[in-house]
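Chemist: coords please:
(one chain, ligands or ions: 1)
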Amino acid sequence: MFTLPRLPYAADALEPHISAQTLALHHGKHHKGYVDTLNKLLADSALAGLSLDEVIKQTHGDPAHSTIFNNAAQSWNHDFFWKSMKPGGGGLPDGDLKVLIEHDIGDGEAFAEAFSAAAAAHFGSGWVWLVATDGVVGIVATHDADLPAVHGRFALLCCDLWEHAYYLDYNNRRAEYVAAFLDHLANWDFANANLTAAAAAMNEAEPITMEPNAAPAVVPAT
Ligand code: ZN
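Modeler: Here you go, the predicted structure:
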């Protein structure tokens, strides 16, 4: 049985950029719904008892298990998303990530433009991610529940592009929501910690948690 992870801050901690009402619904209804549905689906399944990473890995790309994959991946994605934000976050990354972003994407302004453009260009529901792939950082968007790990990429930071993430606060103005995420919420400490973990895993020549997909649905931003 999986349990709904607690938010890493109070429901009103991200105001005025994300309202307490949005966060309460997003965490308490949407995220909880994915976890509850996953538990029901796994109850009589051979996959019961596996870790969330293993459930995602074993169901990815299997049409017979697409509902389990979707609910498992959305459970994972939302936990990662809560950690990708913090009160008083945003601005430019620091530490090792700053060096890599400047090398692979550009300065802080170029990074923000690329991240915003990937979010704006993404059609429908999904996610925009800062990822590390073979030591190179980049920005990708994924559809619906899809996530970087099943495409051989390490997730460093993500922003939820489902309308439930921003509609109450921003209506259809996704660009304003993404700008607020970048300017006021992005948790660069979390992203830097993920980069350190990714570098350690690559140095050990360990396979990434999940096998790369033969046909990635993610498209690197240009
Ligand atoms: Zn969401």
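
Chemist: can you pull out the helices in the protein?
Modeler: Listed in chain order, the helices of the chain (DSSP state H) span residues 20-25, 32-42, 52-59, 66-83, 95-104, 108-121, 167-170, 174-180, 188-203.

Chemist: Looking at those, spot the one closest to residue 161.
Modeler: Nearest to residue 161 among those is helix 108-121 (5.9 Å), distances taken as Cβ to Cβ. No exception for glycine: its C-beta is placed from N, CA and C like everyone else's.

Chemist: So for the closest one, mean pLDDT?
Modeler: In this model, helix 108-121 has a mean pLDDT of 96.

Chemist: If I look at residue 135, what pLDDT would I see?
Modeler: In this model, residue 135 carries a pLDDT of 86.

Chemist: Could you show which parts of the chain are in contact with the ion?
Modeler: Contact residues, the chain versus the ion (Cβ under 5 Å from the ion): 160, 162, 165.

Chemist: can you do 6 Å?
Modeler: 26, 30, 78, 160, 162, 164-165 (Cβ under 6 Å from the ion).

Chemist: what about the protein, any weak spots by pLDDT?
Modeler: Residues of the chain meeting the criterion pLDDT under 70: 205-222.

Chemist: Please tell me how far the residue nearest in space to the middle of the chain sits from the ion.
Modeler: Closest to where the C-alpha atoms of the chain average out (Cα atoms, centre = their mean) is residue 158, at 3.6 Å. Residue 158 sits at a distance of 10 Å from the ion (criterion: Cβ to the ion, to the nearest Å).

Chemist: what's the answer for residue 42, then?
Modeler: The value you get for residue 42 to the ion, if Cβ to the ion is used, is 21 Å.

Chemist: Around that residue, how many other residues sit close by?
Modeler: Around residue 42 there are 19 other residues, counting by other Cβ atoms under 10 Å.

Chemist: Likewise for residue 197?
Modeler: Around residue 197 there are 13 residues (other Cβ under 10 Å).

Chemist: on that earlier part again, return the most buried member of the helices of the chain.
Modeler: Of all the helices of the chain, helix 66-83 has the most neighbours on average by mean count of other Cβ atoms under 10 Å, namely a mean of 22.

Chemist: Please work out which residues outside that helix touch it.
Modeler: Around helix 66-83, the neighbours that count as contacts under Cβ atoms under 8 Å, 6 or more residues apart in numbering are 2, 5, 7-8, 26-27, 30-31, 34-35, 37-38, 41-42, 45, 47, 52-53, 55-56, 59-60, 62, 127, 144-147, 155, 158-160, 187, 190.

Chemist: Extract the C-alpha trace of that helix and format it as CSV.
Modeler: Output of helix 66-83 as CSV, limited to C-alpha atoms (Å, rounded to 0.1, in the frame of the first residue of the first chain):
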residue,chain,number,x,y,z
SER,A,66,-1.4,1.5,-18.8
THR,A,67,-3.9,2.5,-16.0
ILE,A,68,-1.5,1.2,-13.3
PHE,A,69,1.4,3.0,-15.0
ASN,A,70,-0.6,6.3,-15.3
ASN,A,71,-1.6,6.3,-11.6
ALA,A,72,1.9,5.2,-10.4
ALA,A,73,3.7,7.7,-12.5
GLN,A,74,1.3,10.5,-11.5
SER,A,75,1.9,9.6,-7.9
TRP,A,76,5.7,9.8,-8.4
ASN,A,77,5.5,13.0,-10.5
HIS,A,78,3.4,14.9,-8.0
ASP,A,79,5.7,14.0,-5.1
PHE,A,80,8.6,15.3,-7.2
PHE,A,81,6.7,18.4,-8.1
TRP,A,82,5.9,19.4,-4.5
LYS,A,83,9.7,19.1,-3.7
